[in-house]
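Engineer: following is a predicted model, sequence given first.
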Amino acid sequence: MKLNDIMVADVIQARPEECVATAAARMLERSVGCLVITVAGTVKGIVSARDLLACLTQAHDPYHCPVSVHMKHPVIVLRPEESPAAAANAMREKRIKRLPVAKSGKLLGIVSLSDLAALAREQDLQFRASQDFFTAVVTAQLAQSRRIQLRHAAEPQRALGALSPPPRVAENGREFVDAGGPG
């Protein structure tokens, strides 16, 4: 599986010169936690709700302060062919929750920690199903082996008789093997 398979392609974007108030309104309207800052489709930065709150705590006017003042840049961007594990590692190392996915600098999508958690849950369910199947097969195989062992243990004479040589009987000075048949 690749990031291309799990990324959200409809990324909510903003321009660097856009004011913080407009960006915040868009985030609220679209129920997203970040905006990717782009110029002609090229990733320039990323801004989260926390970054926008910093505008207020620094006593900036959100109607006149451009998003570029509070955006994070440079941005860690992954390629669409990278694995979800690579995204999880990057998020852990950089202590971030969202990663833009781009090719040649052009934004293709975004992957969030929530997307990775959903994928992990799906893979966990598949693993559990495989584990249950494996357990059922091994249990059936063990049960079959025990039945065979019990059958042989219940018939020790027969089992031992098959292993020991048949008795020799002397008749008219000759020895022969009695096969146990009629006669």
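Structural biologist: That came in fine, so what should we check first?

Engineer: helix or strand with the lowest mean pLDDT in the chain?
Structural biologist: Among the helices and strands of the chain, helix 156-163 carries the lowest confidence by mean pLDDT, DSSP states H and E, at a mean of 54.

Engineer: how long is stretch 75-92 from one end to the other?
Structural biologist: 15 Å (CA to CA, to the nearest Å).

Engineer: which residues touch that stretch?
Structural biologist: Here stretch 75-92 makes contact (CB atoms under 8 Å, 6 or more residues apart in numbering) with 1-4, 6-7, 36, 43-46, 94, 96-97, 99-103, 105, 108-109, 111, 113, 116, 119. Any C-beta I mention is one placed from the backbone N, CA and C, and that applies to glycine too.

Engineer: for that stretch, what is the distance to the chain centroid?
Structural biologist: 14 Å (CA atoms, centre = their mean, to the nearest Å).

Engineer: buried set for it?
Structural biologist: V75, I76, V77, L78, E82, P84, A87, A88, A90, M91 (16 or more other CB atoms under 10 Å).

Engineer: pLDDT on it, on average?
Structural biologist: For stretch 75-92, mean pLDDT rounds to 96.

Engineer: before we move on, what about stretch 51-70?
Structural biologist: 94.

Engineer: quick one: residues in contact with it.
Structural biologist: Here stretch 51-70 makes contact (CB under 8 Å, 6+ apart) with 14-21, 23-24, 27, 35, 37, 44-45, 47, 71-72.

Engineer: pLDDT score for the residue nearest to the spatial centre of the chain?
Structural biologist: Taking CA atoms, centre = their mean, the centroid of the chain lies closest to A120, which sits 3.9 Å from it. On pLDDT, A120 comes in at 92.

Engineer: how about D124?
Structural biologist: So D124 comes in at 86 (pLDDT).

Engineer: burial check on it, number of neighbours?
Structural biologist: Neighbourhood size, D124 [other CB atoms under 10 Å]: 10.

Engineer: now do N4 against A86, distance only.
Structural biologist: Using CB to CB, to the nearest Å, one obtains 12 Å as the distance from N4 to A86.

Engineer: just K94 next, same as before
Structural biologist: Distance, K94 to A86, by CB to CB: 12 Å.

Engineer: just checking, what packs against the strand or helix carrying F133?
Structural biologist: When elements are assigned from DSSP states H and E, F133 belongs to helix 113-154. On a contact count with 3 or more CB pairs under 8 Å, 6 or more residues apart in numbering; DSSP states H and E, helix 113-154 meets helix 3-6, helix 84-94.
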